[in-house]
Structures are given as structure tokens and as C-alpha cells.
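In: Return atomic coordinates for the entry below.
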Amino acid sequence: MSIKTNMLNCTAVALLVTTLSLSMPAQAGKTGAFIGGVVTAKVLNNMSRRTEAEEQQAANSSRQAAPAPAPAPAPAAQTPQQRLDQLDKLAAGGYITPEEYKAKKKAIIDSM
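Out: Numbers count the residues shown, from 1 in each chain. Purely as a prediction, here's the structure:
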């Protein structure tokens, strides 16, 4: 729950308890109002401590370091055939010149 929601709930409880204690006939002076005030204070105190504990827990959980992601596996080395196929696609698409194609093809064949 957010702090605003908790405060609204606390206020509603306090008003309800106060209204109930004031609307009841006082049996022994203002005893009903006193008891209502004690109950209201206890409820507000408990809600405040609970909110603080929830906030502390949220802060602690956000501080915990997330495990480091596993490193990406190294790409598998392409076979000479795969490299030649990729080179053919580049040449067919017009991404490299015929001279670049010949030079790279020679380098791939020489590396075998």
C-alpha cells in the first residue's frame, strides 16, 4: 500500500472510532471518548510501524544486487562455405565491388 492510502485508511479509522465513541452515551464521564482515543492511537501507531517496515523491506530488496547476466556465447566460427555464401550475397546485393569480392574470396580460399 502506498503511504497516502495508509494515511487515508488511518484517518477513516480515527474518524469512525471518534464518531462511535462520541455518539455513545457516556457512562462514566468522558470514558468512551478516552477509550476511543486510545484505540485510535494504537491503530495509527500499528499502521505507521507496518508502513515503515514495508518501506524498509522494499528498500532492502531493491538494494540487493541482481545476478550478473551470463555472457553471450561466442559466435561459432563460420565454415569457409558459409563465408563464401555470405560473400556471394553481398556481391549480388551490390554491397561490395567486384574487386573487393575477388580479394575477399581469395583470402577465404587461402585460409583453408
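In: For the lengthiest helix in the chain, buried residues please.
Out: Ordering each helix of the chain by length in residues (DSSP state H) puts helix 31-63 first. Applying a neighbour-count criterion of 16 or more other C-beta atoms under 10 Å, one finds 32, 36, 39-40, 43-44, 47, 51 buried in helix 31-63. C-betas here are computed from N, CA, C, even on glycine.
In: following it, which helix or strand shows up next?
Out: Using DSSP states H and E, the helix or strand that directly follows helix 31-63 along the chain is helix 80-92.
In: got the domain boundaries for this structure?
Out: For the chain, automatic domain parsing gives the domain ranges 3-63, 80-110.
In: export those to TSV and tack on mean pLDDT and distance to residue 69?
Out: Shown next, in TSV, are these (pLDDT from 0 to 100; distance: least, C-beta to C-beta, whole Å):
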stretch	mean pLDDT	distance to residue 69
domain 3-63	72	18
domain 80-110	92	28
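In: Out of those, flag the one nearest residue 71.
Out: domain 80-110 (23.6 Å; C-beta to C-beta).
In: Do me a favour and get the end-to-end distance for the closest one?
Out: With C-alpha to C-alpha, to the nearest Å as the measure, domain 80-110 spans 10 Å from end to end.
In: how about the one helix or strand residue 102 maps to: buried residues?
Out: Per DSSP H and E, residue 102 falls inside helix 98-110. Of all the residues in helix 98-110, those buried under the rule 16+ other C-beta under 10 Å are 101, 104, 108.
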